[in-house]
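[1] Output the structure for:
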Amino acid sequence: MSGRALVWAFRIVPRLPFSFVTWLGRRGADLMCLLNGSSVRRMRANHERVLGRKISRRELRDAVRSHINAYVEQLSFGGSVGEKLRARVDLSQAEEFLRLAGEGPVVLALPHAGTFDRVGAAVCAQGISVLTVAEKLNPPELFDAFLKLRTDVGMEIIGVSPGDSVFHSLLEQAKGRKNLVIPLLADRDISGTGIEVEFGTKPALVAAGPAALARALNAPLIAGVVSDVDASGTPEFVRLEVTENLYDPQVEDSDVPELTQKWVTALLPLLQRRIREWHMMQAVFVEDLDPERLARARKRAAQKGE
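    Presented below is the predicted three-dimensional model:
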């Protein structure tokens, strides 16, 4: 869906019955699978590398449906079903994570999986602040729509363009705070400073931000996955599943690449169990990346860091 179409969808979808929008989303997802465009083929390749096996047509269809359903839920937040969507989040498997957040900042490394905005809203409702970044989109009205969606439920958002770094802004806004979670979508690098890791069966480039920020803040680092509890398409529960704390500055001194590989390795079993929810339709594995474009991005990032 184009940026302009999404802008209009933000205005129209909240006025429509949720069941109809969900049905429409499923039919759109099925059409995408039938057409088998580049984004669908990329999702298939990404999933197969994480799983280490081929996936079936049904598995691919379910993954594309999940991807479209995430948009459906986001677009529906402003309608009558919005409160149900925000309230129906299962945080029972993240109690230790929330306890740690009460003591100081906690960095949460996330993949693009599930409807993570629903979880952000639920965490805010627990009295815990959510500070995160969001990629600036074109047209600007689209970014503004996503920004409003998140700030309306209490999240603090820093906008970032491809190639930009918001590390110091995050650091300054997080220092000394309690009751704070910093969730970062980190399974894809857009800054040019990514870390190469073993991700399933192949090397991939992921964001350095979670590990670097946890070290700078001397904060816990946890990885997690957001997944649907029910696949019916109704506004049922979503769940946040998390790993144990992966960084304790009192007992270890991991560098950023080592700590990045650590959270990716810990995340992998969760993601494999919830692979249907992984909405990654972009290139993340090194063999899929354009080496010249990657070199230019890294050069720009290095120049900005000077």
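[2] can you map out the strands along the stretch 201-306 of the chain?
    Under the criterion DSSP state E, counting those that start in this stretch, the stretch 201-306 of the chain carries strands at the ranges 202-206, 221-228, 238-242.
[3] in the first one, what counts as buried?
    Looking back up the chat, that one is strand 202-206. Taking 16 or more other Cβ atoms under 10 Å as the basis for neighbour counts, the residues of strand 202-206 that come out buried are 202, 204, 205, 206. To be clear about C-beta, it is placed using only N, CA and C from the backbone, and glycine gets the same treatment.
[4] name the helices or strands packed onto that strand?
    strand 195-199, helix 256-273 (3 or more Cβ pairs under 8 Å, 6 or more residues apart in numbering; DSSP states H and E).
[5] could you redo the last one with a cut-off of 7 Å?
    Packed against strand 202-206, as judged by 3 or more Cβ pairs under 7 Å, 6 or more residues apart in numbering; DSSP states H and E, are the following elements: strand 195-199.
[6] can you check the second one too?
    Contact partners of strand 221-228 among helices and strands, from 3+ Cβ pairs under 7 Å, 6+ apart: strand 106-110, helix 209-217, strand 238-242, helix 256-273.
[7] so where's the stretch 1-150 of the chain shaky on pLDDT?
    By pLDDT under 70, the low-scoring segments of the stretch 1-150 of the chain are 1-2.
[8] For the stretch 151-300 of the chain, give me the ranges with low pLDDT.
    Residues of the stretch 151-300 of the chain meeting the criterion pLDDT under 70: 163, 231-235, 296-300.
[9] Could you count how many residues lie near residue 61?
    Applying other Cβ atoms under 10 Å, we find 19 residues neighbouring residue 61.
[10] what's the answer for residue 14, then?
    Using other Cβ under 10 Å, the number of residues around residue 14 comes to 17.
[11] Tell me how far it lies from residue 73.
    Between residue 14 and residue 73 the computed distance is 11 Å (Cβ to Cβ, to the nearest Å).
[12] can you give me the helices for this protein?
    Applying DSSP state H to the chain gives helices spanning 3-12, 18-35, 38-51, 57-76, 82-87, 95-103, 116-125, 140-151, 167-174, 209-217, 256-273, 291-305.
[13] Turn those into TSV, columns for distance to residue 159.
    Converted to TSV, the helices of the chain look like this (distance: least, Cβ to Cβ, whole Å):
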stretch	distance to residue 159
helix 3-12	15
helix 18-35	27
helix 38-51	24
helix 57-76	17
helix 82-87	22
helix 95-103	23
helix 116-125	16
helix 140-151	7
helix 167-174	10
helix 209-217	15
helix 256-273	24
helix 291-305	16
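[14] closest one to residue 198 among those helices?
    When the helices of the chain are ranked by distance to residue 198, counting by Cβ to Cβ, first place goes to helix 256-273 at 6.8 Å.
[15] distance between stretch 154-163 and the chain's centre?
    Relative to its parent chain, stretch 154-163 has a centroid offset of 13 Å by Cα atoms, centre = their mean, to the nearest Å.
[16] Quick check: buried residues in it?
    For stretch 154-163, the neighbour count (16+ other Cβ under 10 Å) marks 155, 156, 157, 159, 160 as buried.
[17] residues near the residue nearest to residue 264 when sequence neighbours are not counted, how many?
    Computed as Cβ to Cβ, 6 or more residues apart in numbering, the closest residue to residue 264 that is not its neighbour in sequence is residue 197, at 4.7 Å. Summarising burial for residue 197: neighbours were counted as other Cβ under 10 Å, giving 17.
[18] Check residue 33 too.
    Using other Cβ under 10 Å as the criterion, residue 33 is surrounded by 20 other residues.
[19] quick one: contacts for it?
    Each residue near residue 33 by Cβ atoms under 7 Å, 6 or more residues apart in numbering is listed here: 40, 60, 61, 64.
[20] can you pull the contacts of the residue nearest the centre of the chain?
    Centrality entry for the chain: nearest residue to the mean C-alpha point is residue 112, 3.4 Å, by Cα atoms, centre = their mean. When contacts are counted by Cβ under 7 Å, 6+ apart, residue 112 is found next to 185, 187, 278, 279, 280.
[21] Any idea what residue 239 is bridged to?
    residue 90, residue 227 (DSSP bridges).
[22] Can you verify my assumption that it contacts residue 224?
    No - applying Cβ atoms under 7 Å as the test, residue 239 and residue 224 come out as separate, 9.9 Å apart.
[23] The two: who's more crowded?
    Here residue 239 and residue 224 are set side by side on neighbour count (other Cβ under 10 Å), and the busier one is residue 224, at 27 against 19.
[24] Could you find the closest non-adjacent residue to that one?
    Here the nearest residue to residue 224 in space, its sequence neighbours aside, is residue 242; by Cβ to Cβ, 6+ apart that works out to 3.9 Å.
[25] can you check residue 155 too?
    Take residue 155 and drop its neighbours on the chain: the residue closest to it by Cβ to Cβ, 6+ apart is residue 130, 4.5 Å away.
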